[in-house]
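1. A structural model of the following input is requested.
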Amino acid sequence: MKIRSNIYLLIVCLCGSLGLHSCKKDLGPIKDNLTVREAILSGGFMQIPVKIGTPLQINLAVNPGNRTVTTATYSNKHPEIASYSTTGLITGLSVGRDTVTIQSGELNVWYIVNVTN
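-> The predicted model follows:
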């Protein structure tokens, strides 16, 4: 047991001398963020998959807590690819990728909308 206690003492001394007092890093308070429940991770980006002719009703949430959001505004870069209603209904108009920015209060987020046949 003496070897273990010496090793422990050595680690504690090294950590203390390096200013490491805890293994847990203080990240500060967790901030709220806006998310789309229907979004999926694809190609390294969060995307919303939509098919032409099949409108998709998206559901917004604020995390942490997965609190439902009912009021938001939508703006997009390519209105020829997809349209967005004030209630979050996405309609694919042509095959391609659009970028939608969604804002609710002070929170905003952007997603790639991938429209396929």
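
2. for the residue most central in space within the chain, helix, strand, or coil?
-> Centroid-nearest residue in the chain, with Cα atoms, centre = their mean: Thr35, separated by 5.5 Å. Secondary structure state of Thr35, per DSSP: H, G, I helix; E, B strand; the rest coil, is strand.

3. identify the bridge partners of it.
-> Legend: beta-bridge partners of Thr35 under DSSP bridges are Ala61.

4. that one and Tyr111, how far apart?
-> 9 Å (Cβ to Cβ, to the nearest Å). Every residue, glycine included, has its C-beta placed from N, CA and C.

5. please enumerate the strands of the chain.
-> Using DSSP state E, the strands of the chain run over residues 33-36, 40-42, 45-51, 56-57, 60-63, 67-69, 73-76, 82-84, 89-92, 96-104, 107-116.

6. now the phi/psi pair for the residue lying closest to Met46 once chain neighbours are set aside, please.
-> Counting by Cβ to Cβ, 6 or more residues apart in numbering, Ala39 is the residue found nearest to Met46 once chain neighbours are left out, at 4.6 Å. Note on Ala39: its backbone torsions stand at phi -70, psi 150 [degrees, to the nearest 10].

7. Ala39: neighbouring residues, count only.
-> Neighbours of Ala39 under the rule other Cβ atoms under 10 Å: 17.

8. my guess is it contacts Leu56. True?
-> No: when contacts are counted by Cβ atoms under 8 Å, Ala39 is not listed as touching Leu56 (10.7 Å).

9. joint contacts of those two?
-> Ile48 (Cβ atoms under 8 Å, 6 or more residues apart in numbering).

10. quick one: residues contacting the residue lying closest to Leu107 once chain neighbours are set aside.
-> Using Cβ to Cβ, 6+ apart and skipping the chain neighbours, the partner closest in space to Leu107 is Leu34 (4.2 Å). Applying Cβ under 8 Å, 6+ apart, we find Leu34 in contact with 60-62, 69, 72, 102, 104, 107-109.
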